[in-house]
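Novice: A structural model of the following input is requested.
(one chain, ligands or ions: 2)
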Amino acid sequence: MPIHEKSLIRQENINVQDELVIDGVDVSGHWSTFIESRAIMDYNEAMEEEIATLPGGEYIHRCWQCGSCTNSCTVNEIDPEFNPRFWIYLIRTGMESELLRDKERIWQCVSCNKCTYSCPRDVNPEGVMKATAHWLELKGHTPKSSSMVFDEVFTEQVVATGKIEEGRTLRRFLGRTGQPLFQDWIIEMTKRMASHLPVKLLTKMGIASLVAPRTRRWAKAGAAIQEYQNERVAEHRRALKLDELIAAAEHELSSAEQAESVSS
Ligand code: SF4
Ligand code: SF4
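Specialist: Ligands and ions are numbered 1, 2, ... in the order given. The predicted model follows:
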């Protein structure tokens, strides 16, 4: 039986017999294509709730799988395996191991929000992609993505000073992600800015990058934002049971070390 929608099935799950003759009839190749059977035993029933706790994931329960998000997605156009609708399905059905197979793709969302504008159920698929990338990182499945590092640098500066100074943000972001400050595109951007922007503005920008500007009487507001942020981080850790996971991993590690020292 030929499979008409092969593009919807992972390549490794398609089994084609190149040479098969049954009762003298050649049914090789296309006519002998099967989908590998699979049994998923490790459902994570808490996954939807965990992702819904993280910023952006709140409305994942509204999804009715229409596929408009994937159809309008910028990244899907380049990489058909980038499929927000499918990932939302996996999350809602608790298929964690299936989702983890795409962990290197999910963070590639470019936050263009085309999916968000085309979603008929106000799911905010862009937010769900962010929340999922964050979930993967918090659970230790992926390293911290560059966009997460950028968010951290940006937020730290706002909380500390009540202002954003682009030069300082860029320098810190490059430093934390281990990238050199002098890169071709930065040099080119600086040259163009120097030749197009008025001297007064350039001087102001130069001073601001050296002396961090602050919003007046910001301390109280900054402290309140920081307190709120700490509460949210603690809430996320509780929802994802991160402290229990870390304690279990430490226990496992120390048991393995003890067993090794006894045997040696
Ligand atoms: S925000 Fe992300 S998921 Fe949504 S359309 Fe853009 S790239 Fe695709
Ligand atoms: S467009 Fe909205 S409702 Fe449709 S599949 Fe995507 S997230 Fe779900």
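
Novice: please count neighbours and contacts with C-alpha atoms only from this point.
Specialist: Will do.

Novice: tally of neighbours for Ile207?
Specialist: Counted with other C-alpha atoms under 10 Å, residues neighbouring Ile207 total 12.

Novice: make that Thr155, sorry
Specialist: Using other C-alpha under 10 Å, Thr155 has 18 neighbouring residues.

Novice: mind listing what's buried in the host helix or strand of it?
Specialist: If you go by DSSP states H and E, Thr155 is part of helix 146-161. Using 16 or more other C-alpha atoms under 10 Å as the test for burial, helix 146-161 gives 147-150, 153-161.

Novice: and Lys241, backbone torsions?
Specialist: phi 50, psi 40 (degrees, to the nearest 10).

Novice: how close does it sit to Asn230?
Specialist: Plainly put, Lys241 is 16 Å away from Asn230 if you go by C-alpha to C-alpha, to the nearest Å.

Novice: quick one: contacts for Glu19?
Specialist: Going by C-alpha atoms under 8 Å, 6 or more residues apart in numbering, Glu19 touches Asp26, Val27, Ser28, Gly29.

Novice: any idea how many residues pack against the first one?
Specialist: What that stands for is Asp26. For Asp26, the count of nearby residues is 12 (other C-alpha under 10 Å).

Novice: okay, and the beta partners of it?
Specialist: Val21 (DSSP bridges).

Novice: pretty sure it sits against Leu20.
Specialist: Yes - counting by C-alpha atoms under 8 Å, Asp26 touches Leu20, with 6.1 Å between them.

Novice: rewinding a little: just give me the closest of the contacts of Glu19 to ligand 2.
Specialist: Gly29 (33.4 Å; C-alpha to the nearest ligand atom).

Novice: run a quick neighbour tally on the closest one.
Specialist: Neighbours around Gly29, by other C-alpha under 10 Å: 14.

Novice: try the one 3 residues further on
Specialist: In terms of burial, Ser32 registers 18 neighbours under the definition other C-alpha under 10 Å.

Novice: gap between it and Val211?
Specialist: 70 Å.

Novice: can you count the residues close to Ile9?
Specialist: 11.

Novice: brain fart, Asn76
Specialist: Residues lying near Asn76 (other C-alpha under 10 Å) number 16.

Novice: OK, contacts around it?
Specialist: Thr70, Phe82, Asn83.

Novice: one more: Ile106?
Specialist: Counting by C-alpha under 8 Å, 6+ apart, Ile106 makes contact with Phe82, Met129, Thr132, Ala133.

Novice: which residues in the stretch 51-200 of the chain form helices?
Specialist: Using DSSP state H, counting those that start in this stretch, the helices found in the stretch 51-200 of the chain span residues 68-72, 74-78, 84-93, 96-100, 103-106, 114-118, 125-138, 146-161, 166-176, 184-196, 199-210.

Novice: from the contact counts, what lies against the helix holding Thr155?
Specialist: helix 166-176, helix 219-239 (3 or more C-alpha pairs under 8 Å, 6 or more residues apart in numbering; DSSP states H and E).

Novice: who wins for proximity to ligand 2 among the ones you listed?
Specialist: Between these, helix 219-239 lies closest to ligand 2; by C-alpha to the nearest ligand atom that is 22.5 Å.

Novice: dump the contacts of Glu19 to CSV, plus pLDDT and distance to Ala52.
Specialist: CSV is the format used below for the contacts of Glu19 (pLDDT from 0 to 100; distance: C-alpha to C-alpha, whole Å):
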residue, pLDDT, distance to Ala52
Asp26, 88, 52
Val27, 85, 48
Ser28, 85, 47
Gly29, 83, 44
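
Novice: please produce JSON lines containing those, extended by distance to ligand 1.
Specialist: Listed next are the contacts of Glu19 as JSON lines, based on distance: C-alpha to the nearest ligand atom, whole Å:
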{"residue": "Asp26", "distance to ligand 1": "43"}
{"residue": "Val27", "distance to ligand 1": "40"}
{"residue": "Ser28", "distance to ligand 1": "38"}
{"residue": "Gly29", "distance to ligand 1": "35"}
